[in-house]
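J.: Next input, structure requested:
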Amino acid sequence: MATLSNRLDLGDTWLGRNRSLLITYGLIVLLLGGMGLRDPDFVGLGNLRQQLVFAAFLGTVAAGQTLVILTGGIDLSVAWNLNFAAILFTQTIDGSQSAGRLVSGTALALLAATVVGCANGIGVAVLRIPPLVMTLGMNAVMLGLTLVYTNGSPQGLAPAFSRDLAIGRLAGVPWALVFWLVLGVGVVFLLRRTVFGRRLYAVGYNPRASYLAGVPVRATLVATYALGGLSAGLAAILLTGYSSNSYLGMGDAYVLQSIAAVVIGGTSILGGAGGYGGTIAGAITIVLLQNALQVIGIRPAGQNILYGGIILVMLFVYGRSARVRE
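T.: Presented below is the predicted three-dimensional model:
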């Protein structure tokens, strides 16, 4: 009887820990089933492959957002950090096939995005500025910097390798999905199998207790926001490859959507619980839902209302669970 009881307890624990994940993947199945009945082309191979590519773009941005939210923070500077990195990338390379310009342009874009993330982390961890205020202010700074740098008119073309990465295929499988798979494995490994991952969860759950336990809270936060900036830079390279150039406002859609993907995937917006596996499901759900709403005829304004409503509902749910936990 004791053995059976222990097994039931383990089962309950597993279900409790993975309930949000199961619900999210279940929602994907419901979306596919419901829209498949309404429009068989929705579940066609071509459409699903295209939607997964869009999910890869969103999932790349949401990778960094997941890390930040796990610490109990948020990154609202994604939009113009991504945009500035994309513009640096295209204007530095401008379609050139020179190895030197390819390396320097890619490194410059990723470095710039990482530095912005690092600045966010310093503001949050060292200057004690609330993440909402710090990242929103940084977003405004990057917007102004981008307009000054481009004079309101971005120039340059994406190189061939970024176009291949965004729209090319390997044996029929989009390179973007291969990239997302590698990124996903890396992020999951970082969170589950490294000391940094354990520290990140600890800081998100209780930063004061983590500090007293010897966890370098400030360094962990700075590194987390830096990785968030790096993910925005990676997404910038993908998006410029998809559109073949950079343009003002190309990152605007990814702020709310990246947060929604993280929250739908089961990561507590209060920090300390969740993971990137759920965010992957959340990104797919967001993209499929957006496509379904377009098929039904709901305008983008209605989609934004839906995303905001989801975030508010999940905040309420996780807020209640946090109070119960306490």
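
J.: which residue is nearest the middle of this structure?
T.: In the chain, the centroid-proximal residue (CA atoms, centre = their mean) is residue 62; its distance is 0.5 Å.

J.: In terms of secondary structure, what does the helix or strand it falls within contact?
T.: Assigned by DSSP states H and E, residue 62 falls within helix 45-70. Under the contact definition 3 or more CB pairs under 8 Å, 6 or more residues apart in numbering; DSSP states H and E, helix 45-70 sits against helix 78-93, helix 160-167, strand 173-174, helix 175-193, helix 195-205, helix 217-243, helix 254-264, helix 276-296. Backbone N, C-alpha and C define where each C-beta goes, glycine included.

J.: Could you give me the buried positions within that helix?
T.: For helix 45-70, a neighbour-count test (16 or more other CB atoms under 10 Å) marks 47, 51-70 as buried.

J.: likewise stretch 124-135?
T.: 124-125, 129, 131, 134-135.

J.: quick one: that stretch to chain centroid distance?
T.: Centre-to-centre, stretch 124-135 and its host chain are 20 Å apart (CA atoms, centre = their mean, to the nearest Å).

J.: and it, C-alpha only, in CSV?
T.: C-alpha atoms of stretch 124-135 as CSV (Å, rounded to 0.1, in the frame of the first residue of the first chain):
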residue,chain,number,x,y,z
VAL,A,124,17.8,46.1,-12.5
ALA,A,125,20.4,44.3,-10.4
VAL,A,126,22.8,47.1,-9.4
LEU,A,127,20.7,50.3,-9.6
ARG,A,128,17.6,48.6,-8.3
ILE,A,129,15.4,50.0,-11.0
PRO,A,130,12.2,48.0,-11.5
PRO,A,131,12.4,45.8,-14.6
LEU,A,132,9.3,47.3,-16.1
VAL,A,133,10.6,50.8,-15.8
MET,A,134,14.2,50.0,-16.8
THR,A,135,13.4,48.0,-19.9
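
J.: So what touches it?
T.: Residues outside stretch 124-135 that contact it (CB atoms under 8 Å, 6 or more residues apart in numbering): 68, 72-77, 120, 123, 137, 217-219, 221-222, 225.

J.: Format the helices and strands packed on helix 45-70 as TSV; extra columns: mean pLDDT and distance to residue 114.
T.: Formatted as TSV, the helices and strands packed on helix 45-70 follow (pLDDT from 0 to 100; distance: least, CB to CB, whole Å):
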stretch	mean pLDDT	distance to residue 114
helix 78-93	95	9
helix 160-167	93	18
strand 173-174	92	26
helix 175-193	96	15
helix 195-205	94	16
helix 217-243	96	5
helix 254-264	90	17
helix 276-296	89	19
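
J.: Nearest to residue 39 among those would be which one?
T.: helix 276-296 (5.8 Å; CB to CB).

J.: Quick one: list the elements packing against that closest one.
T.: helix 2-38, helix 45-70, helix 175-193, helix 254-264, helix 300-325.

J.: what's the third one packed up against?
T.: With contacts taken as 3+ CB pairs under 8 Å, 6+ apart, helix 175-193 sits against helix 45-70, helix 160-167, helix 195-205, helix 217-243, helix 276-296.

J.: picking up where we left off before, in JSON lines: the helices and strands packed on helix 276-296, plus distance to residue 271.
T.: Listed next are the helices and strands packed on helix 276-296 as JSON lines, based on distance: least, CB to CB, whole Å:
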{"stretch": "helix 2-38", "distance to residue 271": "15"}
{"stretch": "helix 45-70", "distance to residue 271": "6"}
{"stretch": "helix 175-193", "distance to residue 271": "13"}
{"stretch": "helix 254-264", "distance to residue 271": "11"}
{"stretch": "helix 300-325", "distance to residue 271": "9"}
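
J.: Ranking those helices by mean neighbour count, which comes first?
T.: Comparing these by mean neighbour count (mean count of other CB atoms under 10 Å), helix 254-264 comes out on top with a mean of 27.

J.: hmm, who's touching that one?
T.: 24, 27, 57-59, 61-62, 65-66, 69, 74, 76, 78-79, 82, 235, 269, 274, 278-279, 281-283, 285-286, 304, 307-308, 310-311, 314-315.
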